[in-house]
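Chemist: Sequence first, predicted model second:
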Amino acid sequence: MSEDVSMQSSQRPVIECRTITRTYREGPATLTIFSDISLTVGAGETVAIVGSSGAGKTTLLNLLGGLDRPSSGHIAICGEEIHRLSEARRARFRNRHLGFVYQFHHLLPEFSARENVMLACTLGGMAIREAKERADDMLAQVGLAERLEHKPGELSGGERQRVAIARALVNEPECVLMDEPTGNLDEQTGESVQKLIESLRDRLGIAFVVVTHDMVIARSMGRVLKLEQGKLHPA
């Protein structure tokens, strides 16, 4: 029987997983990453997922973001079972409802900070003028109003991660998924990113699901869950 690691509020779920399992074939053997995980995340809720390397945290995050398919079970984002959508519709759905931040920022080096953030808007069909206004506003909110025209190579590690966060938030998603957002930063810069996440959570009411080894960030979230031996438990 699965354990349902649920939200603590009665708000409509942003993420709702039911008995999801992920397995892989290794030759004649089947490798089970995790099994029968159920998880509910409410609007504006913040959740940290911790666990040892190889426990399957990133795999779980990819499933929640529709980047991978569960071997069994159901995942609904904002009420939509994303794995029932076609590839094209799933991509559009992700662009509208989800934001992603990774350990490495994945910014396009030839684009300015503004252009990197605008790209998330224009890929969804937004007009250039509105995309520019949104990008400038979001970059100002993450403290980069004076760095709009700078390319990633002209920014510090912390500034590049702030651009990545602005890009994740610019379409006003219901949930942002973060995979080790401070894992490639020094301690001081990591703390500044942590404070930024807390500020954005409080001001914008967006749900955050953060995979991290950084227990300072984990403890700043509303809930901390541990993925261990294929199961998800309150930490």
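Modeler: It's in.
Chemist: Please identify the buried residues of stretch 177-185?
Modeler: L177, M178, D179, E180, P181, T182, L185 (16 or more other CB atoms under 10 Å). For glycine as for every other residue, the C-beta is placed from the backbone atoms N, C-alpha and C.
Chemist: first vs last residue of it, how far apart are they?
Modeler: 18 Å (CA to CA, to the nearest Å).
Chemist: ok, for R223, nearest residue in space, not its chain neighbours?
Modeler: V47 (4.9 Å; CB to CB, 6 or more residues apart in numbering).
Chemist: Just read off the phi/psi values of the one you found.
Modeler: For V47, the backbone dihedrals (degrees, to the nearest 10) come out as phi -130, psi 130.
Chemist: Looks like it contacts V210 (just checking).
Modeler: Yes: applying CB atoms under 8 Å, one finds V47 in contact with V210, separated by 7.2 Å.
Chemist: These two - which one has more neighbours?
Modeler: Set V47 next to V210 and count neighbours by other CB atoms under 10 Å: V210 wins out with 26 against 23.
Chemist: name the element that one belongs to?
Modeler: Per DSSP states H and E: V210 is located in strand 207-211.
Chemist: Restrict stretch 93-107 to CA atoms and write it as CSV.
Modeler: This file holds the C-alpha atoms of stretch 93-107, laid out as CSV (Å, rounded to 0.1, in the frame of the first residue of the first chain):
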residue,chain,number,x,y,z
PHE,A,93,1.2,22.7,-21.3
ARG,A,94,4.6,22.7,-19.6
ASN,A,95,5.4,26.1,-21.0
ARG,A,96,2.2,27.6,-19.6
HIS,A,97,1.8,25.9,-16.3
LEU,A,98,5.3,24.8,-15.1
GLY,A,99,8.7,26.5,-14.7
PHE,A,100,12.0,24.6,-14.5
VAL,A,101,15.3,25.6,-12.8
TYR,A,102,18.3,23.3,-12.9
GLN,A,103,21.7,23.1,-11.2
PHE,A,104,23.3,24.4,-14.4
HIS,A,105,21.4,27.4,-15.7
HIS,A,106,21.2,26.3,-19.4
LEU,A,107,21.1,29.9,-20.6
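Chemist: from now on call the first residue 18
Modeler: Taking 18 as the first residue, the last one we looked at is stretch 110-124.
Chemist: Buried residues of it, list them for me.
Modeler: Buried residues in stretch 110-124 (16+ other CB under 10 Å): F110, R111, N112, H114, L115, G116, F117, V118, Y119, Q120, H122, L124.
Chemist: Now do that stretch, average pLDDT.
Modeler: Across stretch 110-124, pLDDT averages out at 83.
Chemist: Report the distance from it to the chain centre.
Modeler: Stretch 110-124 sits 6 Å away from the centroid of its parent chain (CA atoms, centre = their mean, to the nearest Å).
Chemist: try stretch 122-135
Modeler: Put simply, stretch 122-135 sits 18 Å off its chain's centre (CA atoms, centre = their mean).
Chemist: what about that stretch, start to end distance?
Modeler: Using CA to CA, the two ends of stretch 122-135 sit 15 Å apart.
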